[in-house]
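**Q** for reference, the sequence and a predicted model appear below.
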Amino acid sequence: MIIKILAGMAIGLTALSGTAAADPIVGAPDLTGNSLYKAGKLPKTSCPAKKGTSRSSTEKYLRILVGCLDKAWRGDKVKLQITYQANGSKKYKSWPFITRDGIYVGLADDWVKAGNDQRVFHEMASVYGEVIQSRTGIAQAAHTLNYGGDEKVLKQQERRYAYQKDCLAGAAARALGRPAKNSSLKGNERYWFEQGYKAGGPKACNTWKASDAKVA
């Protein structure tokens, strides 16, 4: 079980979260030297998830997709909770995020009615990437980084974290047989997705050592 092994190894690392973060990040081995980057390619995983344009078909798609990601990452199954909010006078946006128990999706009509699942897939694969960050100690180390009161440094740290999720999503996309390109992505979001896709695993996803330009 790749995630169990990595999580165990991560415990042995000491995050020097009190060290001021430079660009690229230094003094935080849980981030820059995490054992996640030594993991191999994710195994090819058949995934029958097909998204329709109804609430029920979208919810079914999300549940099947999370099951496929479980298999690709070879970790414990992730619990998925979905709550639907219909549009009324207000237009809602779907919002996936991790919880202590798994992944929660605030589902809205933007995802339900989407005929193309590229963005939906990416958001789900990215939030699953955050599960991986959590299980390997990266999330905790990132959230306790010292930014010295400099908002620009803080924002860059947040982008490094987010781009790492994009990279992990790219690795998962390749494992699940998804297209190499995702037209819904732009700029460095696309760059990191493609890095993960090319590698087919997390070894290319060390955004903490990347140059400033690659995390702008």
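**A** Okay, I see it.

**Q** let me know the outermost residue of the protein.
**A** Using Cα atoms, centre = their mean, the residue of the chain lying farthest from its centre is residue 89. It sits 31.7 Å away.

**Q** so residue 209 sits against residue 34, correct?
**A** No. Between residue 209 and residue 34 there is no contact under Cβ atoms under 8 Å: 10.8 Å. Heads up, the C-betas are built off the backbone N, CA and C, glycines and all.

**Q** neighbour-wise, which of these two wins?
**A** Higher neighbour count among residue 209 and residue 34: residue 34, with 26 against 14, using other Cβ atoms under 10 Å.

**Q** dump the residue contacts of residue 211.
**A** Listed by Cβ atoms under 8 Å, 6 or more residues apart in numbering, the contact set of residue 211 reads residue 24.

**Q** for it, phi and psi?
**A** phi -70, psi 160 (degrees, to the nearest 10).

**Q** what do you get for the one 4 residues further on?
**A** For residue 215, the backbone dihedrals (degrees, to the nearest 10) come out as phi -130, psi 20.

**Q** cool, and residue 97?
**A** For residue 97, the backbone dihedrals (degrees, to the nearest 10) come out as phi -150, psi 160.

**Q** pretty sure it contacts residue 123?
**A** No. The pair residue 97 and residue 123 does not pass the contact test of Cβ under 8 Å, sitting 10.1 Å apart.

**Q** ok, residue 72 - how many residues close by?
**A** When neighbours are counted by other Cβ under 10 Å, residue 72 comes out with 22.

**Q** next, it: secondary structure please.
**A** Classification of residue 72 into helix, strand or coil gives helix, according to DSSP: H, G, I helix; E, B strand; the rest coil.

**Q** what's the first helix or strand after the longest helix along the chain?
**A** Using DSSP state H to define each element, the chain has its longest helix at helix 151-175. Per DSSP states H and E, the first helix or strand lying C-terminal to helix 151-175 is helix 187-199.

**Q** so which elements touch that following helix?
**A** Here helix 187-199 touches helix 151-175, going by 3 or more Cβ pairs under 8 Å, 6 or more residues apart in numbering; DSSP states H and E.

**Q** how distant is the helix it packs on from the center of its chain?
**A** For helix 151-175, the distance between its averaged C-alpha position and the chain's averaged C-alpha position is 7 Å (Cα atoms, centre = their mean, to the nearest Å).

**Q** got it, and stretch 72-81?
**A** What separates the centre of stretch 72-81 from the centre of its chain is 13 Å, taken as Cα atoms, centre = their mean.

**Q** need the contact partners of that stretch.
**A** Defining contact as Cβ under 8 Å, 6+ apart, one finds that stretch 72-81 is touched by 1-4, 42-43, 45, 62-63, 66-67, 69-70, 99, 101-105, 128, 131-132, 135, 172, 175-176.

**Q** low-confidence stretches in this structure?
**A** Along the chain, segments meeting pLDDT under 70 span 1-22.

**Q** give me the neighbour count for residue 65.
**A** Applying other Cβ under 10 Å, we find 24 residues neighbouring residue 65.

**Q** put the buried members of the contacts of stretch 72-81 into a PyMOL selection.
**A** In PyMOL, a selection of the buried entries from these looks like this (16 or more other Cβ atoms under 10 Å):
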select buried, resi 2+3+42+45+62+66+67+69+70+103+104+105+128+131+132+135+172+175+176
